[in-house]
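Novice: have a look at this prediction, sequence included:
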Amino acid sequence: MCAQELVLKQRTQILHALCCSGSSEHLEQVLDILLAQGELTWEDYQNTQVPVSALYTKARHLLDLVYTKGVDTCRHFLAALKQVLPEELGEGLSFSGCCSHLEEKDECQNTSAHTLFTQRPVLVCKLQGRIEDVLQTLVSSGHFSSADCNEVLLPLYTPSQQARRLLDHVRAKGESAVNSLLQYVQQKQEFGSSLKLEESSLSKEFIRYQKKLSSSLSAQSCFLSTYGRTSHMPLDDIYTEGLLELAHDSADVHGSLSLEDIVGAVGTVNEEADTVLVSGEAGSGKSTLLQRLHLLWAQGAALQNFLLLFPFSCRGLNSEHRELSVQELLFQHCCWPDREQDEIFQFIQDHPHLILFTFDGLDELKQSFSDEYRICCPTQRVPVHILLFNLIQGSLMKGVQKVVTSRPEAVGPVLRTHFRKEVFLKGFSPSGIDCFVKKHHKDPSVAAKVLESLQSNTALLGLCHSPVLCWIVSQCHKELLGCGEGSPQTMTDVYLMILQHFLQHQSSTKYTTGSTWLQEHKETVLRLGHLAFGGIKTSCYVFSGTELETSGLTEKDVSLGFLIQSRDLSFAQNKCFEFLHVTLQCFFAALYVVVSNNTDQSMIQKLFELRDMRETNQSSICFMTCLPSSEKPEQASETTAETPNLQITATFVSGLLSQRHQSLWIPCCPSAVMKKRTRQVWRYLSKGMQKHFKSIPQPVEGEKKSMHAMPGFVWLIKCIYEMQESQIAKDVMSKLEVDHLKLTYCNIGPVECTALAYVLRHLKNPVGLQLDNNSVGDVGVEQLLPCMHICNSLYLRNNNITDEGICKLISKGIQCENFRKIALFNNKLTDACTLHFSHLLKTKQDFLSIRLGNNNITAEGAKHLAEGLKVNHSLQYLGLWGNKLGDPGAEALASALESSNTLVWLSLVGNGVGSVGACALANIIKNSASLEELWLTENCITRPGVECLIEALQHNTNVKSVWLRNNDLTLEEVEEMAQREPRLIF
Ligand SMILES: Nc1ncnc2c1ncn2[C@@H]1O[C@H](COP(=O)(O)OP(=O)(O)OP(=O)(O)O)[C@@H](O)[C@H]1O
């Protein structure tokens, strides 16, 4: 069949292929090609591109046109179509044979204006992303006015349409303007020879490259590395959703974010920035989350608006010592295009919004962030960390979206200004732990036993919110289920369990007592410890064969499974190794510090004093000053990225020196040395705490003495907890004299709650404990119970607490003499919790304040509360704003409180109580001798409701204000009533 017949026969399919996307882009590309080939004249082009015509009309016009022009034009048309829509044509349309006899038209016209035609498709592609620059050149050369520029830049045009309008305008301006444009193009090095590029080869090569990149990503990310040699666990089988929250409150998000939300618009705080930060503690699952994103993209299951995804690991980038350009970075570190490298890179530059870069573990990068050295040229070669910083800031490859992961401590204020938003990864939720354990153990009876043992050991359950610890616990289920009374309580216990698990897995001997297994493997542990410690000191997480040899590691040591082969270093010539997880490296480093006879005595001092340096905000690296200069990393410009791992190491040192583990060391180490090391750690912890307490400012007269904890405080209490030495907790805490302890926004989860309770229970005097805006959760609440007796007030705003947590909290609180106030707004409470509060009110006749704002309490809950309020003679403050009490709820509360002689403050803001509710509440005003403030803002109250309140106020001089803002009243009503009763606040 000839081309002309084909155009006629397949008219419907061709029309559909050109227009079904709704965008005119495909049609315009075909027109560009035909214009370039001289198959269409400028007049033909203009007749087709009549601005007011619909897309289908234009396409039909083109089909008619090429048909009437004859078989040759039809052949060129079909070839152009195939070039623009190769995929489409593979499926629906077949033109085989008809495009094969294309002959290049020998054009001998040689004017510049003619070049605009012949090169049109390439110029359209190349000019995108540079339009403003070109326009500036044309304005400077006097060829364009600002009105011309505005016409080109009309916002309704897509970037490619802007490029076409630019070419058309330039053509209309004459030869000189055309020359000026072509000169501009020639000057740009990257245009050069690529002007001769065949568009068809780019699209084909691009698709080939995309496939290569996605299959390599799929291969890299389909298994989890922690399962290393023990088993191959497909990510799809084990991946469990973690808790993802925005760092900044956002009205449009409640609860956890989805993976796609990470790159979505939700929670954006800086519109100008292209980089999203995912931050989370060690082992919270940041790398795994990125791995999941990569896999989903490669499988075509998510992020499909990105055509290319380039994954980087900062750990891998540390080993790149060459200077690279962006192009080299992308192609050499991620995926090499077999052909058309420059064109593919040009495409990336021209379509930044279709590209995603991910950078895992910014905290592991040896150089700290600095924005001193700015570059914007993608072909400029610079050290890789400078490339990285410029990409993050957006001075390079503006518009490309980037996702960066890091521990929170490693991100300083300057770097933070470059983020579009920050998302916290908070590890597993309680149901996540459940789900993970069930996925890990295919045998449901084993999973059930593991979960049961976690429920009976809530300290361990708290630890399992961290995915890496949940993995260890699941991996060591045999040890866990067999350990009876000595079930792990601390992070150190859990890591000792995995140590024992791996060592015994390889050993033929079965040990019966704890001490023997370590003694047997002491040398191996020390060799691994030496390697780990050397790495932690210098922020090195990847080791060459030579480094393994220097630490004396044997093949057998390596085969134990603590070390795995690095996969980030595809460019490295030789095999490299890394620890299964960086926290395991910290653990081995700590083992080395504790057990080795060779460690410098001052090592412990350096580990613990590092803390002080950070607390006093000195960014110099104390620990590093002790190293030989060859081992020092570059001067940190902002934060010391390596500090978190030194801190974790120090925490493990505290745990390993605990009295509970002394029996492990007796056969390996002289006990005098161990005692000395223990005393040393004890001293530093004690000194650290005292220093912290001394920094508390003296209270202003009349105010309570309050301590706002610095992050170092949380770390110190975690070390004390790891030591499991109640004497040290007692010694330290007896010196703390404050009335209020504030730990808001301190990343307090269940693990930190365990440590807090461990030390706070030794305080001499009761305190107010403020833990607002953390991730305490029900498990954390349970962990706090041992220190409830010392809390006179507890503030737990925004902490994911449910009725279950409240049930435990109240049953303990009732027994605590000092406990008088509780604030729980913004949690997940429902009517079920009010039964417990009612019980509290009935039982504790000295309770002063209950604040339950922004939960899900309805009239039913109000009725339960009323039961308690009726018989309570102490409550002064009751806050229930932002619930759903309605008028029945208000009525129930009013009847319970009307005879209260203690209630001073009542807030029912935003509860839809209406006028009926307001009239009922007026009875409290009428009868109460204590009430001072009643808050009824946003309650749909109309005039009759306010009239009741006014009437009641005439009988009460004690009430100071009744807040009535945003109710259903007219301006005139407000004015009139405010005059009648000045205590009404509108
Ligand atoms: N979402 C998840 N589903 C299943 N397992 C997970 C998940 N997240 C983490 N894990 C387990 O925890 C281990 C540690 O997680 P990961 O390395 O991702 O943490 P990280 O936050 O990147 O740690 P670090 O900051 O120390 O590098 C993983 O190797 C895996 O075994």
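Specialist: Nice, thanks for sending it over.
Novice: can you pull the pLDDT of whichever residue of the stretch 151-300 of the chain sits closest to the ligand?
Specialist: Scanning the stretch 151-300 of the chain for the residue nearest the ligand gives Gly285, at 2.7 Å (criterion: CB to the nearest ligand atom). (Glycine included, C-beta is placed from N, CA and C.) We have a pLDDT of 96 for Gly285.
Novice: just checking, it touches Gly432?
Specialist: No: using CB atoms under 8 Å, Gly285 is not in contact with Gly432, being 9.7 Å away.
Novice: give the contact list for the residue of the stretch 151-300 of the chain closest to the ligand.
Specialist: With contacts defined as CB atoms under 8 Å, 6 or more residues apart in numbering, Gly285 is in contact with Gly242, Leu425, Gly427, Phe428, Pro467, Val468.
Novice: whichever residue of the stretch 851-986 of the chain sits closest to the ligand sits in which helix or strand?
Specialist: The ligand sits closest to Asn856 of the stretch 851-986 of the chain, with a gap of 28.3 Å, by CB to the nearest ligand atom. Per DSSP states H and E: Asn856 is located in neither a helix nor a strand.
Novice: ok now whichever helix or strand Leu15 is part of, how far from the chain's centre?
Specialist: Here Leu15 sits within helix 11-19, counting by DSSP H and E. Remark: helix 11-19 is offset 44 Å from the chain centroid, using CA atoms, centre = their mean, to the nearest Å.
Novice: what comes up buried for that helix?
Specialist: By neighbour count on 16 or more other CB atoms under 10 Å, the buried set for helix 11-19 is Ile14, Leu15, Ala17, Leu18, Cys19.
Novice: which stretches of the stretch 401-550 of the chain form helices?
Specialist: For the stretch 401-550 of the chain, the helices defined by DSSP state H, counting those that start in this stretch occupy 413-416, 430-440, 444-455, 458-463, 467-475, 477-482, 491-506, 514-520, 522-537, 545-550.
Novice: who are the packing partners of the fourth one?
Specialist: For helix 458-463, the contact count by 3 or more CB pairs under 8 Å, 6 or more residues apart in numbering; DSSP states H and E identifies helix 444-455, helix 467-475, helix 491-506, helix 750-760, helix 777-784 as packing neighbours.
Novice: that one near the ligand anywhere?
Specialist: No: residues of helix 458-463 contacting the ligand under CB under 6 Å from any ligand atom: none, with a closest distance of 12.5 Å.
Novice: now that helix, how far from the chain's geometric center?
Specialist: For helix 458-463, the distance to the chain centre is 23 Å (CA atoms, centre = their mean).
Novice: how about residues contacting it?
Specialist: Counting by CB under 8 Å, 6+ apart, 430, 433, 453-455, 469, 473, 487-491, 494, 749-751, 753-754, 779-780, 782-783 sit against helix 458-463.
Novice: which residues does the closest residue to the ligand within the stretch 551-700 of the chain contact?
Specialist: Nearest to the ligand, among the residues of the stretch 551-700 of the chain, is Val582, at 4.4 Å (CB to the nearest ligand atom). Taking CB under 8 Å, 6+ apart, we find Val582 in contact with Ala282, Glu364, Tyr541, Asn645.
Novice: and the residue of the stretch 151-300 of the chain closest to the ligand, how close does it get to Gln954?
Specialist: Gly285 sits 62 Å away from Gln954, going by CB to CB, to the nearest Å.
Novice: then Tyr227?
Specialist: Tyr227 is 75 Å from Gln954, by CB to CB.
Novice: and these two? Which one has more around it.
Specialist: Neighbours per residue, other CB atoms under 10 Å: of Tyr227 and Gln954, the larger number sits with Tyr227, 18 against 11.
Novice: distance from stretch 318-327 to the middle of the chain?
Specialist: For stretch 318-327, the distance to the chain centre is 26 Å (CA atoms, centre = their mean).
Novice: got a pLDDT number for Arg11?
Specialist: We note a pLDDT of 88 for Arg11 in this prediction.
Novice: can I assume it is in contact with Asp64?
Specialist: No: in this structure, Arg11 is not within contact of Asp64 by CB under 8 Å, at 9.6 Å.
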